[in-house]
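J.: show me how the following folds:
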Amino acid sequence: MTAIILRFTKPWPNKTSPIKIRFGDDPIPELPDPPIRVGSIGMLCGLVMDTGQSIKQKISLITRSQSHGTHALFAWESILLKQQISMLWNASPPLAGETFAIEWQWNTLVPFQLDMNWLVPEAHSQQAMSSWIVPELQQTVLGMHWSQAAAKSQQISVKLHFGEQLATEIALSYTNIQSQGDNKTVAWAPHAARWVCSSKYVPPVGKVTLRFSEPWINSTSPTQLRFTASPNVCYWDDGGGLIDANPPLPTIDFKIPIEPQIRRSYLMQPQISCVRVSDGVALVLKSVSISQSRSQWASSGSLAFSSRIDAERAANELLKISINGYDFYLLCESPSESKAFGKTSYSATGRGRLATLASPNRKAINYVNVVSRSFIGLMVDIVANTGWTVASQITDYPVPANAFSYAAKTPAEAINMMANSIGAMLDVNDETQTITVIPQWPVVPWNTASAIPDVILHDGVILEFNERIDIRPDANAVFVRGEQQGVAAKVKRFGTAGDNFAADIVDKLITDNQAARMRATAELANAGNKVQNSIRAKVMADLPPMRPGMLIGVRKGAEVFKSVCESFSISGSVNESTGIVTVNQTVTLLRNEAMA
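T.: So this is what the prediction gives:
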């Protein structure tokens, strides 16, 4: 049978309960004839109600509330741990409150440990100890030997606390003690530091040199020397007895030359690498050569790249080149390309990092010092706001206002001109961007015998040695003067007559006696015949690249001659077929001919 669905489309105010449903004039169906059983006839009436979709309601409480308080209660009952946390909220509108109850039931007691760190002041006690050194008797030690000193009784007490031994006390008692003998010793302290004075003749240490300044016509032979009593001669005895209590300490500002060890064979693995400083991109080189002399303000170099890509990546970039662990910087400026039948090569030339202060990276300007400044102060002003700093190993001096000026020069050219004006040179550290002003001759040629060299070379590391004579006019004096606000001075070598003059020097920066002395020293050092040596050597861990201005010692047989490094060059190449890397350095040395 089918279900009957009733739909109510409008309200019926006169409804009464129960509702009776009557069906219209349809005829009543006739019942079938038996056989039927009692209770087998019935009617099923069902009502189906459409309630529609369930309606959901979401209530959001959006209030700016803060925790008003938190109460925590912990209770331990042997193995039962209860914790109740109550949180009160201050809200608008206020909430009724919320309580969280958390119970833990563990099998073991939960321990709780509280650590407290105390901040206390420093120790308030102070102990002072004084040691006395006097030449008199300090103490007398009396020693006695005893006989029949055996212990007659002994008591040992042991204190225990909770099963652990805390202390053990041993008590010994003696009886029948008699004196057997005594031994006396005397201890003397070292004598105190003091001045020791005497009127006796004190012979000098070493060889005695006698100089007779004027002739003595009444002299007889043999000549007798008599040494009379001299006035008090004192020396300081710092005490300490046989062992000096205050030994003299060597100065820590001493110079130790670099000298490679002498070996039967030298095993080396040369390495060459190149990266771009801006982003660290690695470049592959076939060969590299870097050189610099005392007259240059920056090093110069040439590079050969392995591919066109490497050459394009290096164009107009600052490169960091590592040769056997020593770093050099080159600004790749002039790339070039060469083609031959079946072969194309890519190369470039460049200058050191100081080229960033030269053309075309910097424009040439004019400059006048409108205020009085020191020499190094002028250099600092020129390179200000460029990232470079200036250091000095020369004697600084004042330069009056309007005494120094230049026209159409870049910062690098200007500071190099200033250094040359006073007989100095620029020692540039490309890594730290530091410009150090040093003398062109850190050790003048006539004083090299007593100087300590920076590097000493021997036959084991010298691959090639050449020597020639450089003919130059000699001089032992020179006139140096400034311009409108300068000074004029005659400078001569100490110990000479000063009668052989070099060409006069006129420079606007000779504004002080110190400037005149430094410039004249360089001019006199350059005068006279020179011995020029060209030495080729390797670059090792104990033989770094030599730089212009260094004092180089060379062992030639049993003697060591010392020369100033005029120029250096370092080269490295990679064999294309075998991949073997070769690294060499070549230095040019200068010394006076008389020192040969």
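J.: which helix or which strand is home to residue 311?
T.: helix 308-314 (DSSP states H and E).
J.: checking residue 320 next. Helix, strand or coil?
T.: strand (DSSP: H, G, I helix; E, B strand; the rest coil).
J.: that one and residue 311: what is the separation?
T.: 17 Å (Cβ to Cβ, to the nearest Å). Placement of C-beta: from N, CA and C, glycine included.
J.: ok, these two, which is more surrounded?
T.: Neighbours per residue (other Cβ atoms under 10 Å) separate residue 320 from residue 311, with residue 311 holding more: 21 against 18.
J.: which non-adjacent residue is nearest that one?
T.: Take residue 311 and drop its neighbours on the chain: the residue closest to it by Cβ to Cβ, 6 or more residues apart in numbering is residue 346, 3.7 Å away.
J.: buried stuff in stretch 433-453?
T.: Neighbour counts over stretch 433-453 (16 or more other Cβ atoms under 10 Å) mark 433, 435-446, 448, 453 as buried.
J.: count the neighbours of residue 413 for me.
T.: When neighbours are defined as other Cβ under 10 Å, residue 413 has 17 of them.
J.: pretty sure it sits in a helix.
T.: Yes - assignment of residue 413 by three-state DSSP places it within a helix.
J.: OK, contacts around it?
T.: Counting by Cβ atoms under 8 Å, 6 or more residues apart in numbering, residue 413 touches 297, 358, 364.
J.: where in this protein is pLDDT low?
T.: By pLDDT under 70, the low-scoring segments of the chain are 1-3, 23-190, 201-206, 227-231, 240-254, 594-596.
J.: break it down into its domains, please.
T.: 272-351, 356-439, 445-595 (automatic domain parsing).
J.: and the ones you listed: which comes nearest residue 226?
T.: domain 445-595 (32.2 Å; Cβ to Cβ).
J.: so after whichever helix in the chain runs longest, what's the next helix or strand?
T.: Counting by DSSP state H, the longest helix found in the chain is helix 513-526. Once the chain leaves helix 513-526, the next helix or strand it forms, by DSSP H and E, is strand 530-537.
J.: parallel or antiparallel, list what pairs with the next helix-or-strand element following that next one.
T.: Later in the chain than strand 530-537, the nearest helix or strand by DSSP H and E is strand 551-556. When pairs are called by DSSP bridges, strand 551-556 turns out to pair with strand 455-457 (parallel), strand 559-574 (antiparallel).
J.: most tightly surrounded among the ones you listed?
T.: strand 455-457 (a mean of 22; mean count of other Cβ atoms under 10 Å).
J.: now tell me what touches that strand from outside.
T.: With Cβ under 8 Å, 6+ apart as the test, strand 455-457 has contacts from 257-260, 535, 537, 543-544, 546, 550, 552-555, 560.
J.: helix, strand or coil for residue 449?
T.: Residue 449 carries the three-state label helix when classified by three-state DSSP.
J.: what of residue 336?
T.: Classification of residue 336 using three-state DSSP returns strand.
J.: isn't it right up against residue 347?
T.: Yes - the pair residue 336 / residue 347 is scored as a contact, 5.3 Å apart, by Cβ atoms under 8 Å.
J.: the more surrounded of those two?
T.: residue 347 (17 against 12).
J.: how far away is that one from residue 290?
T.: 14 Å.
J.: follow-up on the earlier one: got the buried residues for the longest helix of the chain?
T.: Buried positions in helix 513-526, judged by neighbour count with 16+ other Cβ under 10 Å: 514-526.
J.: Throw those residues into JSON lines and include distance to residue 421, thanks.
T.: Output for the buried residues of helix 513-526, formatted as JSON lines (distance: Cβ to Cβ, whole Å):
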{"residue": "514", "distance to residue 421": "13"}
{"residue": "515", "distance to residue 421": "8"}
{"residue": "516", "distance to residue 421": "11"}
{"residue": "517", "distance to residue 421": "13"}
{"residue": "518", "distance to residue 421": "10"}
{"residue": "519", "distance to residue 421": "7"}
{"residue": "520", "distance to residue 421": "12"}
{"residue": "521", "distance to residue 421": "13"}
{"residue": "522", "distance to residue 421": "10"}
{"residue": "523", "distance to residue 421": "12"}
{"residue": "524", "distance to residue 421": "16"}
{"residue": "525", "distance to residue 421": "16"}
{"residue": "526", "distance to residue 421": "15"}
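J.: and these, which is closest to residue 564?
T.: The closest of the buried residues of helix 513-526 to residue 564 turns out to be residue 525 (Cβ to Cβ; 8.5 Å).
J.: before we move on, back to that, give the other helices and strands that the longest helix of the chain contacts.
T.: Judged by 3 or more Cβ pairs under 8 Å, 6 or more residues apart in numbering; DSSP states H and E, helix 513-526 is in contact with strand 434-439, strand 477-481, strand 488-492, strand 505-506.
J.: relative to residue 300, how far out is the closest residue to residue 324 other than its chain neighbours?
T.: Nearest residue to residue 324 in three dimensions, chain neighbours excluded: residue 539, at 4.7 Å (Cβ to Cβ, 6+ apart). Here the criterion is Cβ to Cβ. By it, residue 539 lies 19 Å from residue 300.
J.: which one's more surrounded, those two?
T.: residue 539 (21 against 17).
J.: contact partners for that one?
T.: Residue 539 makes contacts with 270, 323, 324, 326, 545, 570, 583, 584, 585, as judged by Cβ under 8 Å, 6+ apart.
J.: and for residue 479?
T.: Going by Cβ under 8 Å, 6+ apart, residue 479 touches 488, 489, 490, 491, 501, 504, 505.
J.: ok, now residue 359?
T.: Residue 359 sits next to residue 410 when contact means Cβ under 8 Å, 6+ apart.
J.: picking that back up, from the contacts of residue 539, list the buried ones, please.
T.: Among the contacts of residue 539, those buried by neighbour count (16+ other Cβ under 10 Å) are 270, 323, 324, 545, 570, 583, 584, 585.
J.: I'd like those residues laid out as JSON lines, including secondary structure and distance to residue 384.
T.: Listed next are the buried ones among the contacts of residue 539 as JSON lines, based on DSSP: H, G, I helix; E, B strand; the rest coil; distance: Cβ to Cβ, whole Å:
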{"residue": "270", "secondary structure": "coil", "distance to residue 384": "41"}
{"residue": "323", "secondary structure": "strand", "distance to residue 384": "33"}
{"residue": "324", "secondary structure": "coil", "distance to residue 384": "36"}
{"residue": "545", "secondary structure": "coil", "distance to residue 384": "31"}
{"residue": "570", "secondary structure": "strand", "distance to residue 384": "32"}
{"residue": "583", "secondary structure": "strand", "distance to residue 384": "38"}
{"residue": "584", "secondary structure": "strand", "distance to residue 384": "40"}
{"residue": "585", "secondary structure": "strand", "distance to residue 384": "35"}
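J.: widest-spaced pair of these?
T.: Pairwise distances across these peak at 13.0 Å for 270 and 545 (criterion: Cβ to Cβ).
J.: quick check, nearest of the buried ones among the contacts of residue 539 to residue 233?
T.: Of all the buried ones among the contacts of residue 539, residue 233 sits closest to residue 545, with 52.0 Å by Cβ to Cβ.
J.: phi, psi for the closest one please.
T.: With angles defined as degrees, to the nearest 10, residue 545 sits at phi -60, psi 130.
J.: for residue 445, same thing?
T.: Note on residue 445: backbone dihedrals following degrees, to the nearest 10 are phi -60, psi -30.
J.: many thanks, we can stop here.
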